[in-house]
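give me a 3D structure for the following:
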Amino acid sequence: MTSTEQLQVIQDVVQRVGAYQDGAPEGTVLAELKRGLSEAGVDLPEDDVQKLASAIESEEGIVDASNVLG
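Here you go, the predicted structure:
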């Protein structure tokens with residue numbers, strides 16, 4: 001998988017998790033993000049997963065994974 005393909009897969013997972021995060025119990029976003037990335041076969045460092053989860057929890061609207069991981 002190229003880095004462009006991997007980033008698209010990450011973005012797809014971020015969008016899916018972000019779509020239902022509103023009102024989710026604390027920890028749900030992180031758990032679902034990890035599960036989605038694992039199912040997609042993407043292995044990210046824990047710091048990057050935390051950054052994405054924090055962005056999803058704090059942003060309104062779609063989170064741009066490339067900006068978060070940039």
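
any idea which residue sits dead centre in the chain?
Averaging the C-alpha coordinates of the chain gives a centre point, and the residue nearest to it by C-alpha atoms, centre = their mean is Val14 (3.5 Å).

so how far is Val49 from that one?
Distance check for Val14 against Val49: by C-beta to C-beta, to the nearest Å, it reads 11 Å. Placement of C-beta: from N, CA and C, glycine included.

surely the residue nearest to the centre of the chain meets Ser66?
No: Val14 sits out of contact with Ser66 when judged by C-beta atoms under 8 Å, with a separation of 10.0 Å.

which stretches of this structure have low pLDDT?
In the prediction, the chain carries residues with pLDDT under 70 at positions 1-2.

longest helix of it?
Assignment by DSSP state H gives helix 3-19 as the longest helix of the chain.

what's that one packed up against?
Under the contact criterion of 3 or more C-beta pairs under 8 Å, 6 or more residues apart in numbering; DSSP states H and E, helix 3-19 touches helix 28-39, helix 46-58, helix 65-69.

Throw these into a markdown table and include distance to Ile10 and mean neighbour count, thanks.
Supplementary listing: these in a markdown table, determined by distance: least, C-beta to C-beta, whole Å; neighbours: other C-beta atoms under 10 Å:
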| stretch | distance to Ile10 | mean neighbour count |
| --- | --- | --- |
| helix 28-39 | 7 | 16 |
| helix 46-58 | 8 | 16 |
| helix 65-69 | 5 | 15 |
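
which one of the ones you listed lies closest to Gln8?
Each of these has some distance to Gln8 by C-beta to C-beta; the shortest is helix 65-69, at 9.0 Å.

tabulate the CA atom coordinates of the closest one in CSV.
Extracted in CSV, the C-alpha atoms of helix 65-69 (Å, rounded to 0.1, in the frame of the first residue of the first chain):
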residue,chain,number,x,y,z
ALA,A,65,-6.3,13.2,8.6
SER,A,66,-3.4,14.6,6.5
ASN,A,67,-3.6,17.9,8.4
VAL,A,68,-3.6,16.1,11.8
LEU,A,69,-0.8,13.7,10.9
